[in-house]
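Participant: task: produce atomic coordinates for the following.
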Amino acid sequence: MTEQVRMRVVNGLLSGEYMPGDRLPAERDFARLSGCSRITVRRAFARLETAGIITRSPAHGTRISSCFSGNTAPIESVGILATLRETFAVEFIDTLTRLMNERGILAVLAAQEPQSALQAGSAVRLFSKGVRNLIVWGLDRRLDFSLFEKLRVLGVNLVFFDRVEPGPFADFVGLDNRNAVEQLFCYTLARKKPRRILFANRAGLAVDALDQRRDRCRELCRQHGIDFAETLLPRRISPEQAREAVRNLDGETALFCANDEIALPLKTAAPELDCCSIDGTGEAAASGIVSIRQPMAAMAAAALDALERQRKLGARWKAGKTLFNGTLIEPDSSTGKVLCP
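Facilitator: Okay, the predicted model is just below:
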């Protein structure tokens, strides 16, 4: 019965019945609502307080915690929330799982279709199976951040990677997108100053990383007197859509792409175009795309180190952000070899 009462509070938080900071009924009232003794409720509340899920004081009563104390147990398993439908995510998963194997950590992969609504549900399922450490490759800002915040209250250590920055309830590891665009811009200007830059972006997504890349490109165009334009493309770009997107581009226009997934079909449609992108996947290099390679191994290590930091600091933890500079990869268009390692 004690465990049933404890889980009633936990499930109430996850379902939205309770929110961080909400006041719970008094022991007597909670006992009446749950059909058990007051002693049972007192035991359950004591367990919840020890776990940092609730706080109790004579002045404020019993409340759901609004602090993010995290899980202080040794890290034995890590849940990875990501999609297998994008090349960059797959490369990161591969790098991360190999590093986890070296550290003796079990990787639990929850692979979803690229839909933000599915990720929160997958996180809850991992929590229900006892996974208390999560690395999240968030699809976009339609993600249910409030649910991840509740998981943090329940003692789940959280790191978001690459696309969306979560806020005060999780650490973030990603690319320095401003620096990446600046590297591509300097490379482009060193060859020939374009009259116009067309920035190819993904339609229908609210992604911090892509917005940062676009905004920095626009700023640099303004500073250097270059016309800026943006085109929005669907996730799956057909050959016809790719040809239409680059149909009117000439030698005075440089093509900047938000990531390699967008750049690849455009480069295929117009192989003669100079094309810049970000991600640095092997497929992009082989296709003649100038791209910023993200340091996968260092980023994977930083994500695991952030989880370890949360574990060690417990209630003293504060959210942090770790950004990495990428490396410019210039492939030889005739051989596809990387000239800038």
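
Participant: show me where pLDDT drops low in the stretch 51-200 of the chain?
Facilitator: 114-115 (pLDDT under 70).

Participant: where along it do the strands fall?
Facilitator: 54-57, 61-64, 77-83, 106-112, 133-136, 157-161, 171-175, 196-202 (DSSP state E, counting those that start in this stretch).

Participant: to N71, which of those lies closest?
Facilitator: strand 157-161 (5.3 Å; Cβ to Cβ). Backbone N, C-alpha and C define where each C-beta goes, glycine included.

Participant: picking that back up, looking at the strands of the stretch 51-200 of the chain, spot the one closest to L24.
Facilitator: Nearest of these (Cβ to Cβ): strand 61-64, 4.5 Å.

Participant: before we move on, the earlier item: could the strands of the stretch 51-200 of the chain be laid out in a markdown table, adding distance to G70?
Facilitator: As requested, the strands of the stretch 51-200 of the chain are exported to a markdown table (distance: least, Cβ to Cβ, whole Å):
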| stretch | distance to G70 |
| --- | --- |
| strand 54-57 | 16 |
| strand 61-64 | 16 |
| strand 77-83 | 14 |
| strand 106-112 | 18 |
| strand 133-136 | 9 |
| strand 157-161 | 5 |
| strand 171-175 | 10 |
| strand 196-202 | 33 |
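
Participant: compare the ones you listed and give me the one nearest T97.
Facilitator: strand 106-112 (4.4 Å).

Participant: parallel or antiparallel, which strands does that closest one pair with?
Facilitator: Paired neighbours of strand 106-112 in the sheet (DSSP bridges): strand 77-83 (parallel).

Participant: still on that earlier bit, mean neighbour count and distance to M7 added to the strands of the stretch 51-200 of the chain, as CSV?
Facilitator: Below are the strands of the stretch 51-200 of the chain laid out as CSV (neighbours: other Cβ atoms under 10 Å; distance: least, Cβ to Cβ, whole Å):
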stretch, mean neighbour count, distance to M7
strand 54-57, 16, 13
strand 61-64, 17, 14
strand 77-83, 22, 20
strand 106-112, 16, 21
strand 133-136, 26, 20
strand 157-161, 26, 21
strand 171-175, 23, 28
strand 196-202, 21, 40
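
Participant: so which of these comes closest to C36?
Facilitator: strand 61-64 (15.9 Å).

Participant: need the contact partners of that closest one.
Facilitator: 9, 13, 18-24, 26-27, 45, 53-56, 153 (Cβ atoms under 8 Å, 6 or more residues apart in numbering).

Participant: ok, A258 touching L210?
Facilitator: Yes - in this structure A258 lies within contact range of L210 using Cβ atoms under 8 Å: 4.6 Å.

Participant: quick one, helices of the chain?
Facilitator: For the chain, the helices defined by DSSP state H cover 2-15, 27-34, 38-50, 87-102, 116-128, 145-153, 177-191, 208-224, 239-246, 260-269, 282-286, 296-313.

Participant: including distance to G61 and mean neighbour count, could the ones you listed go into CSV?
Facilitator: Conversion of those to CSV gives the following (distance: least, Cβ to Cβ, whole Å; neighbours: other Cβ atoms under 10 Å):
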stretch, distance to G61, mean neighbour count
helix 2-15, 14, 17
helix 27-34, 10, 15
helix 38-50, 11, 17
helix 87-102, 42, 17
helix 116-128, 26, 18
helix 145-153, 17, 22
helix 177-191, 45, 18
helix 208-224, 38, 18
helix 239-246, 58, 15
helix 260-269, 51, 23
helix 282-286, 57, 19
helix 296-313, 28, 18
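
Participant: and those as a markdown table, adding distance to F160?
Facilitator: What follows is these, written out as a markdown table (distance: least, Cβ to Cβ, whole Å):
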| stretch | distance to F160 |
| --- | --- |
| helix 2-15 | 19 |
| helix 27-34 | 34 |
| helix 38-50 | 26 |
| helix 87-102 | 13 |
| helix 116-128 | 11 |
| helix 145-153 | 8 |
| helix 177-191 | 15 |
| helix 208-224 | 10 |
| helix 239-246 | 30 |
| helix 260-269 | 20 |
| helix 282-286 | 24 |
| helix 296-313 | 9 |
